[in-house]
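1. Build me a model from this:
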Amino acid sequence: MSLVRLKIKGISYSQTQNGAYALILNEEEGDRKLPIVIGAFEAQSIAIALEKEIKPPRPLTHDLFKNFADRFKIVIKQVIIHKLVDGVFYSSIICERDNDEEIIDARTSDAIALALRFNAPIFTYKTILDKAGIFLKFSSKEKEEDEDDSIMVDEILQEGEAVELESGSDTHGYRQMSLQELHKELDNAVASEDYEKAAKLRDEISKRK
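-> So this is what the prediction gives:
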């Protein structure tokens, strides 16, 4: 079967359900997007890996795994989203140590959080993209694109995709804050290890740039 390389477009959150996020993957040589509903913890771990400016004072679970793997010279070569059953994506992590290759089963959100930390490519099979990939026509305005993503998350949730969710803080209040206030709140969130809040603050700061 043919593999298609994916890149991370970003993480979008639901405007109607707190703690609901969608990881948006985009085929590297095409316009189809693969949305995957994930929980708040996984969303913040992926967001921290994407946002280099957020540096947790203590390693998160995926950072700990990376440190452990580095110590024992284990490298993640690639991640493959290899199966889709009843709305649930299944992934494999392809690891290598001393020229020996191992395949490890993993949740897709965990696999992608680790792939980011190892700079490993992410793939899926063409058949999965044909089945679950969608086309989104975005406006040239970034704000409208973000709104389209949020609408998409709500539509996915309405279709009944299951995911364990945690309650999240309301992000709408951040829009009324100045950049200086946002940066101060970001520093406080990182210091208190509230990485979900930190990811949302970084998202709002990025929109202003």
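
2. so where's this protein shaky on pLDDT?
-> Flagging of the chain using pLDDT under 70 yields the residue ranges 14-20, 53, 135-172, 196, 209.

3. For this protein, just list every one of the helices.
-> Secondary structure of the chain by DSSP state H: the helices cover 40-50, 61-71, 108-118, 126-132, 142-158, 179-191, 195-208.

4. how near is the closest residue to Ala191 other than its chain neighbours to Glu101?
-> Among residues not flanking Ala191 along the chain, Pro57 sits closest, at 7.2 Å (Cβ to Cβ, 6 or more residues apart in numbering). Any C-beta I mention is one placed from the backbone N, CA and C, and that applies to glycine too. Distance from Pro57 to Glu101, counting by Cβ to Cβ, to the nearest Å: 35 Å.

5. can you check Lys83 too?
-> Lys83 is 20 Å from Glu101, where distance means Cβ to Cβ.

6. Next up, the contacts around Glu102.
-> Going by Cβ atoms under 8 Å, 6 or more residues apart in numbering, Glu102 touches 94-96.

7. Who does it form a beta bridge with?
-> Cys95 (DSSP bridges).

8. how far out from the middle of the chain is stretch 22-29?
-> 10 Å (Cα atoms, centre = their mean, to the nearest Å).

9. CA atoms only for stretch 192-209 - export them in PDB, please.
-> Output in PDB follows, covering the C-alpha atoms of stretch 192-209 (Å, rounded to 0.1, in the frame of the first residue of the first chain):
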ATOM      1  CA  SER A 192       2.700  26.800  37.500                       C
ATOM      2  CA  GLU A 193       2.900  24.000  34.900                       C
ATOM      3  CA  ASP A 194      -0.500  24.800  33.500                       C
ATOM      4  CA  TYR A 195       0.500  23.800  29.900                       C
ATOM      5  CA  GLU A 196      -3.000  23.600  28.500                       C
ATOM      6  CA  LYS A 197      -3.400  27.300  29.400                       C
ATOM      7  CA  ALA A 198       0.100  28.100  28.100                       C
ATOM      8  CA  ALA A 199      -0.700  26.500  24.800                       C
ATOM      9  CA  LYS A 200      -3.900  28.600  24.400                       C
ATOM     10  CA  LEU A 201      -2.000  31.700  25.300                       C
ATOM     11  CA  ARG A 202       0.700  31.000  22.800                       C
ATOM     12  CA  ASP A 203      -2.000  30.400  20.200                       C
ATOM     13  CA  GLU A 204      -3.600  33.800  20.900                       C
ATOM     14  CA  ILE A 205      -0.100  35.500  20.900                       C
ATOM     15  CA  SER A 206       0.700  33.800  17.500                       C
ATOM     16  CA  LYS A 207      -2.500  35.200  16.000                       C
ATOM     17  CA  ARG A 208      -1.400  38.700  16.900                       C
ATOM     18  CA  LYS A 209       2.000  38.400  15.100                       C
END
